[in-house]
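1. Could you look at this predicted model? Sequence included:
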Amino acid sequence: TILVMVVLGGMSSVLGIVFWIAATRFYSQEQVGVAAVLIASMTTISYFSQMNLGSFLTRFLPPGPTTARSLIIRTYAVAGVVSVVVATTFALAVGDFAEPLRVVRDSPAHIAFFVASTLLWTIFALQDAVLSGLRRSTLVPVENTIYALLKIGIFLAFGFFALPSPLGIFYAWLAPLVPV
């Protein structure tokens, strides 16, 4: 089981490299850079919005399904509200201090997508802690590998349509979160 987890973890990393190599084939250097900053901004906001609740879940998630479900939902809700507030503030202000990131606030739809993506990423990250807390950590590398495969597949679909902005990379990075 440990060997499978290590192999899947490594495979997920390799697939991440493949994703960025593919991105450089479909998008300009500037678009890849802006997309990378958008993704880094979103994951950083998500990380701080989790307020270390992942560690709390891993350590203190109770074994009973009813009690665990309630704690998981409350944890998702608290971290989710924080991530929505911070991501909204960021999306509305980002163009003022980083001109290339103005693409986020070009339209209400872009702002909504950035905020929703940050919320989904927060839940996705906490989900790994939930699986570990429920003593099902062997599912984490499987989940992450499936996410990486879907991300590449969706990116290639977006790449063939050549969305004319770094948002194509950002969308492909986040679209697999919904099914995973």
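-> Cool, got the structure. This one's a predicted model, so the numbers in the text were calculated from it and none came from an experiment. Numbering: from 1, shown residues only.

2. which stretches of the chain have low pLDDT?
-> Low-confidence segments of the chain, defined by pLDDT under 70, span residues 1, 63-65, 158-164.

3. run the last query once more with 90
-> Along the chain, the parts satisfying pLDDT under 90 run over 1-13, 15-16, 19, 22-28, 31, 58-70, 94-107, 109-110, 132-145, 151-180.

4. Show me the residue sitting in the middle of this protein in space.
-> By CA atoms, centre = their mean, the chain has its centre lying nearest to residue 121, at 3.5 Å.

5. Helix or strand: which one has that residue?
-> helix 108-133 (DSSP states H and E).

6. I'd like the next helix or strand past that helix.
-> Next along from helix 108-133, by DSSP H and E: helix 139-161.

7. next one: the helix holding residue 121 to chain centre, how far?
-> 6 Å (CA atoms, centre = their mean, to the nearest Å).

8. Distance-wise, check residue 46 relative to residue 10.
-> 24 Å (CB to CB, to the nearest Å). In this view, the C-beta of every residue, glycine as well, is placed from N, C-alpha and C.

9. Would you mind telling me which of the two has the busier surroundings?
-> residue 46 (24 against 12; other CB atoms under 10 Å).

10. who's in contact with the closest residue to residue 8 other than its chain neighbours?
-> Leaving aside its sequence neighbours, residue 8 sits nearest to residue 141 (CB to CB, 6 or more residues apart in numbering; 3.6 Å). For residue 141, the contact set (CB atoms under 8 Å, 6 or more residues apart in numbering) comprises 4-5, 8-9, 12.

11. Among those, name the buried ones.
-> Among the contacts of residue 141, the ones that count as buried by 16 or more other CB atoms under 10 Å are 8, 12.

12. about what we covered before: buried ones in the helix holding residue 121?
-> Neighbour-count burial for helix 108-133 [16+ other CB under 10 Å]: 110-111, 113-115, 117-133.
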